[in-house]
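Enquirer: 3D model of this:
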Amino acid sequence: MSLETIAGLLLALAVLAATLRQSLRWLRLPAPARPAGWRMALLPTLQLACAALLYCTLLPPQRSVEAPTLVVLTARADPALAERAIGRGERVVALPEADPAPTGGVERMPDLATALRMHPATARLRIVGEGLAARDVDPAKGLALEFEPAPPARGFIGLQASARVVAGATLRVVARVHEAGDGVVELVDPAGTVQDRALPDAGGRVLLQAPARARGPVSWHLRLRDSAAGDAAVIEEAAVAVDVVPGGQTRILLLAGAPNPEVKYLRRWAADAGLHLQSRMALGAGAVLGDGPLAIDADTLAGFDLVIVDERAWNGLTAAQRTALLAAVEQGLGLLWRITSAPEPGTRAALHELGFAIDTDAAAPGDEVRLGPQSPPGDSADVGATAVDPPNALPALARQPLRLAAIDGVALLRDRDGEPLALWRGAGRGRVAAWNLDQSFRLVLTGHGERHARLWSEAVGTLARARAAEVPHFIDIAREGQRAILCGIQAGATLVAEDGTRIHPLPDPGAGGCAAAWPTRAGWHRTGDGDAAVHLHVRDAAALPGVEAHMRREATLRLAGAGPDRPAGTATSGTPASRWPWFLAWLATAGLLWWLERRPGR
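Expert: Sure thing, here's the model as predicted:
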């Protein structure tokens, strides 16, 4: 129980006892000798007022005073703002990220918490510059905060890339550029070859894609170049660290009605990507070409992640094999149906059973199709980017003159006009797709092998059975000398840097398997041994300054929006008001009460 509560209860009991005493005294007196009614009513009122004034004398209320404002300089803070704040008599502190202040009166502080301890009366913060670092966010909570952000510098302010990619799959990099202007963004492989380039959209966003071939931990590069100034005008370059792992865990069964170049180059791509592909192709008259006899049953299909079949191969399956295949899809197997000829009634019925409809009347005439310069899947279609390569650089491919439809279908592949060439939909725990594209091998023959690899890696990555187990990964960007959040790591696991330095992450029981780590070296770190080893990259402390500044800016803006709503110049201070006014009022009330109690007569 607090001191204020105890004092209030004691004073209330004193008033109650005095009132009871006076009431009993009034009742014991004979009627002619009793005081007047107004006098007996005024005495308890004065006693209550006297108790309240005594309480305020002992424990005076807090007074509202002008809120002391602390001006906090962060990175790229304008020195002129600090000079004006000092001229107004405000306290000014500079955090370690701030540039050396050219004027006196600025106190250097190691962090915001220290600054608040040095100035305990602070009720408002004015943040100037790029914003607060992660270590200063928590101390600023609960204070009124005003943010004067510095203008962002030209360059990258956002970067998202896959930290772990299967060999042969597509590496996707989403970046955001501030003041792109005439800038073009390029994705450069470890050998120094430009694999993809694009112009940022109106919001500065850009999507770049390329097949990942080299296995192991490798570093790609993202380059922002001023196209108007020539190839040598590089505005900013950032490393994109990728751990390329073997793709042998993905098992594909290819069922084809006949051997053809499409199947040949699909098999070659799977071998280059490190995927385990087993094929069976009909030669006619009961002869089969492939990797050996294979029973199409539940036990066999449980060992595969994706089945690719065309209409001739589907018609060659028995009813029991089709039932087993559809049952396996319900259990998580992926199924891709290749449409390679004009659909017959049996093909239409089979596709209808899978949830797809074929409309030949609404389809555009012709059997040729061209892919756009980029063909991202549907989940990345919202990333605006304009490719630099012209659309006619890709050869014409083949398709059937029909239009695919599905009530719950998702576009897996589109042509350059946006028409869906492939749709997929969920079926139980698996996914099934209808694929109206043929002769994709022409991409390889015309020097567009990257597009061919990207085409099939996206299809396999979208449809294959989900076997992914959570692997260790950093949340956001890990930097040298800063706390990093590491999730998916086992208890007791360590991070080993390239020089052998060991880091022991500190687990957080309430973070769902995540831990905190403080890497002291930039570069690759390893956790685990042998085939189970996972490589994680830690950036240099000075890498991607625009991305770091944007993160600080957004975090500080959220603080400013979530801070307490107080008037601009006042706040409740911890200093109590003066006791003298309350004491004088209590003295006057107590004197009046004493006079009334001893006043002769009624």
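
Enquirer: looks to me like Glu458 is in a strand.
Expert: No - counting by DSSP: H, G, I helix; E, B strand; the rest coil, Glu458 is located in no strand; its state is helix.

Enquirer: and it, how close does it get to Gln331?
Expert: 23 Å (Cβ to Cβ, to the nearest Å). Bear in mind the C-beta positions are built from the backbone N, C-alpha and C, glycine included.

Enquirer: quick one, which of these two is more surrounded?
Expert: Higher neighbour count among Glu458 and Gln331: Glu458, with 21 against 13, using other Cβ atoms under 10 Å.

Enquirer: wait, isn't Ser279 in contact with Lys264?
Expert: No - in terms of Cβ atoms under 8 Å, Ser279 does not count as a neighbour of Lys264; the distance is 10.0 Å.

Enquirer: higher neighbour count, those two?
Expert: Set Ser279 next to Lys264 and count neighbours by other Cβ under 10 Å: Ser279 wins out with 19 against 12.

Enquirer: that one in helix, strand or coil?
Expert: Once three-state DSSP is applied, Ser279 turns out strand.

Enquirer: so where's the stretch 401-550 of the chain shaky on pLDDT?
Expert: Scanning the stretch 401-550 of the chain for pLDDT under 70 picks out the ranges 468-469.

Enquirer: what about the strands in it?
Expert: 403-405, 410-414, 420-427, 430-435, 473-475, 484-487, 495-497, 502-503, 506-507, 514-517, 523-527, 534-538 (DSSP state E, counting those that start in this stretch).

Enquirer: output stretch 472-489 as CSV, nothing but the C-alphas.
Expert: C-alpha atoms of stretch 472-489 as CSV (Å, rounded to 0.1, in the frame of the first residue of the first chain):
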residue,chain,number,x,y,z
PRO,A,472,19.1,-21.6,-39.7
HIS,A,473,18.6,-18.1,-41.2
PHE,A,474,19.1,-14.5,-40.1
ILE,A,475,16.1,-12.2,-39.8
ASP,A,476,16.8,-9.0,-41.8
ILE,A,477,20.4,-8.2,-42.5
ALA,A,478,23.2,-9.4,-40.2
ARG,A,479,26.0,-6.9,-39.7
GLU,A,480,29.4,-7.1,-38.2
GLY,A,481,29.5,-5.8,-34.6
GLN,A,482,25.7,-5.6,-34.3
ARG,A,483,23.1,-7.9,-32.7
ALA,A,484,21.6,-10.3,-35.3
ILE,A,485,18.5,-12.4,-34.8
LEU,A,486,19.1,-16.0,-35.8
CYS,A,487,16.1,-18.4,-36.2
GLY,A,488,15.9,-22.1,-36.9
ILE,A,489,19.1,-23.0,-35.0
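
Enquirer: that one: how far from the chain's middle?
Expert: Relative to its parent chain, stretch 472-489 has a centroid offset of 13 Å by Cα atoms, centre = their mean, to the nearest Å.

Enquirer: between Ser279 and Lys264, what contacts are shared?
Expert: Common contact partners of Ser279 and Lys264 (Cβ atoms under 8 Å, 6 or more residues apart in numbering): none.

Enquirer: do a quick rundown of the helices in the protein.
Expert: 3-28, 37-58, 79-87, 112-118, 137-140, 261-273, 298-301, 311-315, 319-330, 345-353, 442-445, 449-463, 545-562, 580-598 (DSSP state H).

Enquirer: how many neighbours does the closest residue to Phe356 other than its chain neighbours have?
Expert: Leaving aside its sequence neighbours, Phe356 sits nearest to Ala434 (Cβ to Cβ, 6 or more residues apart in numbering; 4.5 Å). Counted with other Cβ under 10 Å, the neighbours of Ala434 add up to 26.

Enquirer: ok, what's across the strand from the closest residue to Ala271 other than its chain neighbours?
Expert: The shortest distance from Ala271 to any non-neighbouring residue, by Cβ to Cβ, 6+ apart, is to Leu277 (7.3 Å). Beta bridges link Leu277 to Ile252 when assigned by DSSP bridges.

Enquirer: quick revisit: of all the helices of the chain, which lies closest to Gly181?
Expert: Checking these against Gly181 by Cβ to Cβ gives helix 545-562 as the closest, at 14.6 Å.

Enquirer: dump the C-alpha coordinates for the closest one into CSV.
Expert: Extracted in CSV, the C-alpha atoms of helix 545-562 (Å, rounded to 0.1, in the frame of the first residue of the first chain):
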residue,chain,number,x,y,z
PRO,A,545,24.3,2.4,-45.9
GLY,A,546,21.1,3.4,-47.7
VAL,A,547,19.2,0.3,-46.5
GLU,A,548,20.4,0.8,-43.0
ALA,A,549,19.4,4.4,-43.1
HIS,A,550,16.0,3.5,-44.4
MET,A,551,15.4,1.0,-41.6
ARG,A,552,16.3,3.6,-39.0
ARG,A,553,14.1,6.1,-40.6
GLU,A,554,11.1,3.8,-40.7
ALA,A,555,11.7,2.6,-37.1
THR,A,556,11.9,6.2,-35.8
LEU,A,557,8.8,7.3,-37.8
ARG,A,558,6.9,4.4,-36.1
LEU,A,559,8.0,5.6,-32.7
ALA,A,560,6.9,9.2,-33.5
GLY,A,561,3.5,7.9,-34.6
ALA,A,562,3.1,5.7,-31.5
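
Enquirer: where's the residue nearest to Ala271 relative to Leu294, distance?
Expert: Applying Cβ to Cβ, the value for Leu277 to Leu294 is 12 Å.

Enquirer: now do Arg521
Expert: Per Cβ to Cβ, Arg521 is found 50 Å from Leu294.

Enquirer: on that earlier part again, would you mind finding the most buried of the helices of the chain?
Expert: Ranked by mean neighbour count under mean count of other Cβ atoms under 10 Å, the helices of the chain are led by helix 449-463, which reaches a mean of 22.

Enquirer: quick check, Arg399 in contact with Leu437.
Expert: Yes - assessed by Cβ under 8 Å, Arg399 is found in contact with Leu437 at 5.7 Å.

Enquirer: got any residues that touch both of those two?
Expert: Shared contacts of Arg399 and Leu437 (Cβ under 8 Å, 6+ apart): 369, 421.

Enquirer: residues near Ala532, how many?
Expert: 8.

Enquirer: actually Leu143, not the one I typed
Expert: 19.

Enquirer: from what I can see it touches Ala121, true?
Expert: No - contact criterion Cβ under 8 Å: Leu143 and Ala121 do not qualify, at 11.7 Å.

Enquirer: let me see the contact set for Val92.
Expert: Val92 neighbours (Cβ under 8 Å, 6+ apart): 70-71, 73, 82, 85-86, 101, 105-107.

Enquirer: and those, which of them are in strands?
Expert: Using DSSP state E, the subset of those located in strands is 70-71, 73, 106-107.

Enquirer: so which two of the residues you listed are the farthest from each other?
Expert: The farthest-apart pair in these, when distances are taken by Cβ to Cβ, is Leu70 and Val106, at 11.8 Å.

Enquirer: so what sits against both of the two?
Expert: 92-93.

Enquirer: now the nearest residue to Cys487 once chain neighbours are set aside: how far from Leu495?
Expert: Spatially, and ignoring its direct neighbours in sequence, Cys487 is nearest to Cys514 (4.2 Å; Cβ to Cβ, 6+ apart). Separation of Cys514 from Leu495 (Cβ to Cβ) stands at 14 Å.

Enquirer: kindly report the same for Ala522.
Expert: Taking Cβ to Cβ, one finds Ala522 at 13 Å from Leu495.

Enquirer: outline the domain layout of the protein.
Expert: Annotated domains of the chain cover 3-61+577-598, 65-152+548-576, 251-463, 478-543 [automatic domain parsing].

Enquirer: so for Val184, which of those domains sits nearest?
Expert: Counting by Cβ to Cβ, Val184 lies closest to domain 251-463 out of the domains of the chain; the figure is 6.3 Å.

Enquirer: no further queries at this time; thank you.
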